[in-house]
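Peer 1: here is my input; please provide its structure:
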Amino acid sequence: MKRACIFLCVGFFFVFQAAAQSAHFKYAVIPENPRPGEPVTIGVNDTVKQAVLFANEKQLAKAAFFSVSLPEGMPGFMAAVLTVPSTVSPGAYTIKLENDSVLICEIPLTITEREFVSEVIELNSDLTAIRTEPDPQKTAEANRLWAILARTGNEVYFSGKFIPPVSSTRRTSFFGDRRVFKYSNGKSDTSIHAGVDYGVPTGTRVLACGSGKVLLARGRIVTGNSVVIEHAPGIYSLYYHLDKIEVKENAMVTAGDLLGLSGATGLATGPHLHWEIRVSTENTDPDAFVGRSIIDKDLILSKIYR
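Peer 2: Numbering: from 1, shown residues only. Have a look, this model is predicted:
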């Protein structure tokens with residue numbers, strides 16, 4: 001009888017503790033109804049390791065939480081940013097907040113409808129070769145880039161709104177375009193455009209969209225002269241096909257700093273700037289963080305400490 005009482009008391013304690021933790025735990029999700037390809041920022045008032053987006057039990061995307069620093073005297077919080085893949089259908093989904101596979105909270109998420117443009121791109125023999133022929137150097141460059149994008153640091157260099165990397169508003173391709181590449185040998189292949197293309201002439205000034213650290217600044221076979229900037233844990237901006245690079249790797253930049261001059265290097269059918277955003281490796285609509293902050297501190301605080 002005494003042992004049974006101990007077990008019951010211990011069990012009651014853990015139920016009570018879990019209930020208290022649940023009552024204390026609060027979160028904010030911005031935006032609440034994202035579209036495919038758009039990032040979602042999650043703020044919490046407690047320690048959480050990761051956020052995972054699920055469709056039923058299928059994992060679609062995940063992101064690690066990191067601490068957000070605030071002025072002294074203000075309550076802190078943790079944040080994670082994940083992107084809804086551009087390939088998902090509209091409907092009901094779930095974000096699970098976890099600590100080492102232990103479920104902390106489930107957040108319902110409604111993904112709204114979005115349409116993407118379709119386009120056909122014809123490549124000459126040289127560009128066909130760049131895209132299709134095996135090349136150890138091309139593989140090594142891809143592996144190096146992926147290692148950078150898959151890294152989740154702990155520095156928040158920038159948390160506000162991005163600025164466009166060029167002054168021109170002329171776009172020749174859009175985020176999420178469904179592409180068909182027609183090769184010179186008569187074959188074809190499909191892909192999804194991971195960024196936006198600005199139709200600007202060679203020599204156009206290309207600027208950093210936000211403050212951060214330059215982790216890559218070099219020529220690559222497919223993307224030509226390329227720059228990659230880390231802005232926050234798991235959040236990167238990429239600039240491709242430059243005619244000239246004006247920054248060095250490991251340099252710190254601020255929003256509006258000159259990165260290079262646009263061009264047509266690598267797999268390019270003409271002069272343009274390809275601007276891309278990656279969030280926890282997922283290709284992300286760049287316009288999302290031009291329209292809103294990566295981490296809206298005031299909005300998150302108002303939701304988790306109200």
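
Peer 1: when you work out contacts or count neighbours from here on, use the C-alpha atoms and nothing else.
Peer 2: Noted.

Peer 1: D46 contacts F25, correct?
Peer 2: Yes. With contacts counted by CA atoms under 8 Å, D46 reaches F25, the gap being 6.5 Å.

Peer 1: can you give me the buried ones in stretch 147-161?
Peer 2: Buried positions in stretch 147-161, judged by neighbour count with 16 or more other CA atoms under 10 Å: 148-150, 152, 155-161.

Peer 1: show me which of those residues is closest to R218.
Peer 2: For the buried residues of stretch 147-161, the closest approach to R218 (CA to CA) belongs to I148, at 13.7 Å.

Peer 1: Three-state assignment for the closest one, please.
Peer 2: helix (DSSP: H, G, I helix; E, B strand; the rest coil).

Peer 1: next, give phi and psi for the residue nearest to it when sequence neighbours are not counted.
Peer 2: Residue nearest to I148 in three dimensions, not counting chain neighbours: L215, with 7.5 Å by CA to CA, 6 or more residues apart in numbering. Dihedral angles of L215 (phi, psi; degrees, to the nearest 10) stand at phi -100, psi -20.

Peer 1: so L215 touches H231, yeah?
Peer 2: No. Contact criterion CA under 8 Å: L215 and H231 do not qualify, at 10.4 Å.

Peer 1: tell me which of these two has more neighbours.
Peer 2: H231 (25 against 19; other CA atoms under 10 Å).

Peer 1: for the more buried one, give me its contacts.
Peer 2: Contact analysis of H231 by CA atoms under 8 Å, 6 or more residues apart in numbering lists 156-159, 210-213, 237.

Peer 1: pLDDT score assigned to the residue nearest to E141 when sequence neighbours are not counted?
Peer 2: Computed as CA to CA, 6+ apart, the closest residue to E141 that is not its neighbour in sequence is R220, at 6.7 Å. Note on R220: pLDDT of 98.

Peer 1: contact partners for R220?
Peer 2: 138, 141, 226, 266.

Peer 1: scan the residues you listed and report the most crowded one.
Peer 2: S226 (25 neighbours).

Peer 1: so which of the contacts of H231 are in strands?
Peer 2: The strands, defined by DSSP state E, take in 212-213, 237 from the contacts of H231.

Peer 1: low-confidence ranges in the stretch 1-150 of the chain?
Peer 2: Within the stretch 1-150 of the chain, the stretches with pLDDT under 70 are 1-23.

Peer 1: try 50 this time
Peer 2: Applying pLDDT under 50 to the stretch 1-150 of the chain flags residues 1-21.

Peer 1: thinking again about what came up before, same list, the buried residues of stretch 147-161, but as a markdown table with distance to K297 please.
Peer 2: Converted to a markdown table, those look like this (distance: CA to CA, whole Å):
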| residue | distance to K297 |
| --- | --- |
| I148 | 27 |
| L149 | 25 |
| A150 | 25 |
| T152 | 20 |
| E155 | 16 |
| V156 | 13 |
| Y157 | 14 |
| F158 | 12 |
| S159 | 9 |
| G160 | 9 |
| K161 | 12 |
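
Peer 1: return the member of the residues you listed nearest to K96.
Peer 2: Using CA to CA, T152 is the member of these that lies nearest K96, at 19.0 Å.

Peer 1: what sits against the closest one?
Peer 2: Contacts of T152 (CA under 8 Å, 6+ apart): 64, 233-234, 280.

Peer 1: try E32
Peer 2: Going by CA under 8 Å, 6+ apart, E32 touches 109-110.

Peer 1: quick one: it and N250, what's the gap?
Peer 2: Noted for E32: a distance of 36 Å to N250, by CA to CA, to the nearest Å.

Peer 1: same check, this time on H24
Peer 2: If you go by CA to CA, the gap between H24 and N250 works out to 41 Å.

Peer 1: same check, this time on A147
Peer 2: For A147, the distance to N250 - CA to CA - is 16 Å.

Peer 1: what does H193 give?
Peer 2: Distance of H193 to N250, computed by CA to CA: 28 Å.

Peer 1: in terms of neighbours, single out the busier of these two.
Peer 2: H193 (20 against 13).

Peer 1: helix or strand for V52, which one?
Peer 2: Using DSSP states H and E, V52 maps to strand 50-55.

Peer 1: buried ones in that strand?
Peer 2: 50-54.

Peer 1: what's the answer for stretch 118-136, then?
Peer 2: Going by 16+ other CA under 10 Å, stretch 118-136 has these buried residues: 123, 127-131.

Peer 1: over to stretch 186-204?
Peer 2: Buried residues in stretch 186-204 (16+ other CA under 10 Å): 192-200, 202, 204.

Peer 1: same deal with stretch 258-272?
Peer 2: So stretch 258-272, judged by 16+ other CA under 10 Å, has buried residues 258-268, 271-272.

Peer 1: now stretch 80-89
Peer 2: By 16+ other CA under 10 Å, the buried positions in stretch 80-89 come out as 80-86, 88.
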